[in-house]
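Asks: from the sequence below, what's the structure:
(4 chains)
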Protein chains: 2
Amino acid sequence: MKTSRSRPRIRDVAEAAGVSETTVSHVLNNKGRVDAATRARVAEVAERLGYRPNSNARGLRSGRADTIALLLPVGADLALSHHVLAVDFYLSLTMSCVEAAFEHDQALLQLPPLRKLDDLRRFSIDGGIVVDPVPEDPRVAMFQRLGLPVVTVGRDITHPDDPWWVAADSAASTSAVLDHFVAAGARRVAMLSVDIEWSWFADAELAYVEWTESHGHEPMLVLARPDKLDSSAAEAANRLLDLRPDAVYAPPQWLATGLLRVARERGVRVPDDLLVSVGVDSHLARTSEPPLTAVDLDPARTASEAVDLLVRRIEGRESEGPRLIPVALHPRASTMRADVHVTAGPATRRRPARP
Amino acid sequence: MKTSRSRPRIRDVAEAAGVSETTVSHVLNNKGRVDAATRARVAEVAERLGYRPNSNARGLRSGRADTIALLLPVGADLALSHHVLAVDFYLSLTMSCVEAAFEHDQALLQLPPLRKLDDLRRFSIDGGIVVDPVPEDPRVAMFQRLGLPVVTVGRDITHPDDPWWVAADSAASTSAVLDHFVAAGARRVAMLSVDIEWSWFADAELAYVEWTESHGHEPMLVLARPDKLDSSAAEAANRLLDLRPDAVYAPPQWLATGLLRVARERGVRVPDDLLVSVGVDSHLARTSEPPLTAVDLDPARTASEAVDLLVRRIEGRESEGPRLIPVALHPRASTMRADVHVTAGPATRRRPARP
DNA sequence: CTGAAAGCGCTTACAG
DNA sequence: CTGAAAGCGCTTACAG
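Replies: All right, here's what the predicted structure looks like:
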């Protein structure tokens, strides 16, 4: 047993295998022409020695960092931002990105809110995943300014031709929820959403309006302001309930819970008088009173497609188009009337409406 | 205006300032003796050129990566783990670590669950923050095996002498909650916790038992199993309610919500018949029915202290002891009886009991 | 198919 | 106080 030295370098592998460092490098990176037998021997030796390339050396020489960045639309102070969608989604997305990156031999760097271009320059990365971009998102712009590949989770609604995004299918989610409402007996179906230009919300609104048109209904749509969350939710929910809907799709989590609270205060019973569904699943949705019917956004799938797409872009390949993630509806008590037979509408796979 | 070249190297700064690369390096790293005027001029030139050292080159040469790792006790599949404490806490902790690291000129790498030592070897990092360690935590062991500095959020309850940890003050939280119960009129105070060997839970249990002893009460303590969350919560909550408590402190979020559900089923009214408090704050705690009195763990403060402590350890300095983070109690409707005047017990700062 | 050599951009003894 | 030179561990033309 040799005394355990510091980690082996490529030279150690070369010596042990009786070849040059060049050949070892070729084997490890699947480059150049190397005799099959040599290749096998080198690979075996590298494995036996537990060789791991030094990523700094590799990065310095090759220009690659083998590291990708993740940019959530959340700062350290979650007070405002994180309840707009749902914490569960962002945490699950994060951990899934970490695992997906790992499988692509990439490390995942979590980035802080970027104030200026120099903030981004500090990091040694090959590209980034920007979550929930707003129109002309400054984070995306910074990546582009530095010539760094970028992929978004959710799309910039002002860039219809960008093929470099991944998103849960908001239009299909909306249809699934609305059809589910109707199957449960609803006749006055409304939407409670937020005035934020994320594609998830924009596409849901569009799908809702189209749906009401094709069903010959008047749209009942109220948008809450994205600031002062508690009061804006209450204000918007009250305004919506004044319209006397019997079913409400509230994509953002904080509006769904706000609506539940306001309904309780006004003596509106859920689900007896009002059906409610939220656009993202969470522990909160599962345990609220009553439990909320919710859309499962499949953050794990979203993450793995996003990482895959980013790696593709980093490698200089073409995108074969944006990737829409199928969703699933989880019906719960908030849309289950005792007297109505309910069918869960399947989440049909559909392209989102493009402006 | 020069055509915008790729980022400037140290040589460009040296030439523009009329000094050697060595001097530039010394200025940038605050090393060696450099004339004050030279120092100022070099710094100014570097600033003007927008110079940023190449972290791969720096890392290769110096052995430092200027990158720290964060290891949450959560995998991509949040199904089990993440509700044991609360998603809000982990996400906030993560984003706060990112910002704290940024302020220390470190990048923050999120790590996947580590299956084997080689998984860890793949990353180029200077150290790591392991969140919620279990006894002889394998993640901590891997860091130690590679000689990498590590700091934990929460402590390993079997290593009382380790000074390298940061944790919210669980004992003080528990006292604050229990005293708050008594002030609200409770006389049969119970605890509902989980059989996981995290210090947050262990210290709360210990504090509870000590508190009952010093108040001359019989302890009523039920521990849920950490698997099959929904059924274990229901089973444990039912068992506890059979003991007829009039107040329950449930540190883990999923048990607090499980208790609320079981109480509802059994016709036990909260807060009229039963006071309930949870050990971690979240959107769910704020919006549940009724809203739950909760302990604010101050994840932002915890994160910044953890990063600070890790940087200290990386620099080879001594720890001046573990860091206990003060907590705050947020009283809400779940402990507010209409007929009792309630005072929020201040979270006193206390060292946790050490086994 | 294989290897010698250059060089990525820094930092760090070391010499002056 | 300042700088020339070596070298961190790789990858990549290039030559054979």
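
Asks: what stretches of chain A score poorly on pLDDT?
Replies: Applying pLDDT under 70 to chain A flags the ranges A:1-6, A:76-83, A:339-355.

Asks: contacting residues for residue A:273?
Replies: A:246, A:263 (CB atoms under 8 Å, 6 or more residues apart in numbering or on different chains). Bear in mind the C-beta positions are built from the backbone N, C-alpha and C, glycine included.

Asks: need phi/psi at it.
Replies: phi -100, psi -20 (degrees, to the nearest 10).

Asks: repeat for residue A:16
Replies: phi -60, psi -30.

Asks: closest point of chain A to DNA strand C, which residue?
Replies: Relative to DNA strand C, the nearest point of chain A is residue A:33 (2.5 Å; CB to the nearest atom of the strand).

Asks: how much space separates that residue from residue B:209?
Replies: For residue A:33, the distance to residue B:209 (CB to CB, to the nearest Å) stands at 71 Å.

Asks: looking at those two, which is more packed in?
Replies: Ranked by neighbour count (other CB atoms under 10 Å in any protein chain shown), residue A:33 and residue B:209 place residue B:209 first, with 15 against 6.

Asks: for whatever helix or strand that one lives in, C-alpha coordinates in PDB please.
Replies: Using DSSP states H and E, residue B:209 falls within helix B:199-214. Provided in PDB are the C-alpha atoms of helix B:199-214 (Å, rounded to 0.1, in the frame of the first residue of the first chain):
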ATOM      1  CA  SER B 199     -29.700  18.900  16.400                       C
ATOM      2  CA  TRP B 200     -32.700  21.200  15.700                       C
ATOM      3  CA  PHE B 201     -35.000  18.400  16.800                       C
ATOM      4  CA  ALA B 202     -32.800  16.900  19.500                       C
ATOM      5  CA  ASP B 203     -32.200  20.200  21.200                       C
ATOM      6  CA  ALA B 204     -35.900  21.000  21.100                       C
ATOM      7  CA  GLU B 205     -36.800  17.700  22.700                       C
ATOM      8  CA  LEU B 206     -34.200  18.200  25.400                       C
ATOM      9  CA  ALA B 207     -35.400  21.700  26.100                       C
ATOM     10  CA  TYR B 208     -39.000  20.500  26.300                       C
ATOM     11  CA  VAL B 209     -38.200  17.700  28.800                       C
ATOM     12  CA  GLU B 210     -36.200  20.100  31.000                       C
ATOM     13  CA  TRP B 211     -39.000  22.600  30.800                       C
ATOM     14  CA  THR B 212     -41.600  20.100  31.900                       C
ATOM     15  CA  GLU B 213     -39.400  19.000  34.800                       C
ATOM     16  CA  SER B 214     -38.800  22.500  36.000                       C
END
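
Asks: show me what it is packed against.
Replies: Contacting helix B:199-214 under the criterion 3 or more CB pairs under 8 Å, 6 or more residues apart in numbering or on different chains; DSSP states H and E are the following elements: strand B:165-168, helix B:170-183, strand B:189-194, strand B:221-224.

Asks: make CSV out of those and add distance to residue A:322 and mean neighbour count.
Replies: Below are those laid out as CSV (distance: least, CB to CB, whole Å; neighbours: other CB atoms under 10 Å in any protein chain shown):
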stretch, distance to residue A:322, mean neighbour count
strand B:165-168, 42, 24
helix B:170-183, 46, 24
strand B:189-194, 42, 25
strand B:221-224, 44, 21
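
Asks: so which of those is nearest residue A:120?
Replies: With CB to CB as the measure, strand B:165-168 is the member of the helices and strands packed on helix B:199-214 nearest residue A:120 (28.8 Å).

Asks: tell me which element residue A:317 falls in.
Replies: Applying DSSP H and E, one finds residue A:317 in no helix or strand.

Asks: which stretches in the stretch 51-200 of chain A count as helices?
Replies: Taking DSSP state H, counting those that start in this stretch as the test, the helices found in the stretch 51-200 of chain A are A:55-62, A:87-103, A:117-121, A:138-145, A:170-183, A:199-214.

Asks: how about TSV for the ones you listed, with distance to residue B:161 added?
Replies: Shown next, in TSV, are those (distance: least, CB to CB, whole Å):
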stretch	distance to residue B:161
helix A:55-62	35
helix A:87-103	32
helix A:117-121	40
helix A:138-145	44
helix A:170-183	53
helix A:199-214	50
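
Asks: any idea which of the ones you listed gets closest to DNA strand D?
Replies: helix A:55-62 (3.2 Å).

Asks: list the contacts for the residue nearest to the spatial centre of chain A?
Replies: Nearest residue to the geometric centre of chain A (CA atoms, centre = their mean): residue A:153, 4.9 Å. Shown in contact with residue A:153 (CB under 8 Å, 6+ apart): A:93, A:129-132, A:165-167, A:302, A:306.

Asks: between the residues you listed, which is nearest residue B:260?
Replies: Taking CB to CB as the measure, residue B:260 lies nearest residue A:93 of these, at 27.9 Å.

Asks: residues contacting the helix holding residue B:209, please?
Replies: Here helix B:199-214 makes contact (CB under 8 Å, 6+ apart) with B:85, B:132, B:154-157, B:167-168, B:170-171, B:173-175, B:178, B:189, B:191, B:193-194, B:218-219, B:221, B:249, B:251-252, B:279, B:352-353.

Asks: what about it, distance to the chain center?
Replies: Centre-to-centre, helix B:199-214 and its host chain are 20 Å apart (CA atoms, centre = their mean, to the nearest Å).

Asks: and that helix, what's buried?
Replies: B:199-208, B:211-212 (16 or more other CB atoms under 10 Å in any protein chain shown).

Asks: domain assignment for chain A?
Replies: Domains of chain A are assigned by automatic domain parsing as A:10-53, A:67-168+A:299-323, A:170-297+A:328-335.

Asks: columns distance to residue B:65 on top of those, output as JSON lines?
Replies: Compiled in JSON lines, the domains of chain A are given as follows (distance: least, CB to CB, whole Å):
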{"stretch": "domain A:10-53", "distance to residue B:65": "14"}
{"stretch": "domain A:67-168+A:299-323", "distance to residue B:65": "10"}
{"stretch": "domain A:170-297+A:328-335", "distance to residue B:65": "34"}
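
Asks: what does chain A put close to DNA strand C?
Replies: For chain A, the contact set with DNA strand C under CB under 7 Å from any atom of the strand comprises A:18-23, A:26, A:32-36, A:38-39, A:57, A:60-61.

Asks: may I see the ChimeraX selection of the buried members of those?
Replies: ChimeraX command restricting these to the buried ones, with burial defined by 16+ other CB under 10 Å:
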select /A:19,23,26,34,38,39,57,60
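
Asks: now residue A:257: closest residue in space that isn't a chain neighbour?
Replies: Closest residue to residue A:257 apart from its sequence neighbours, by CB to CB, 6 or more residues apart in numbering or on different chains: residue B:287 at 4.3 Å.

Asks: no further questions, thank you.
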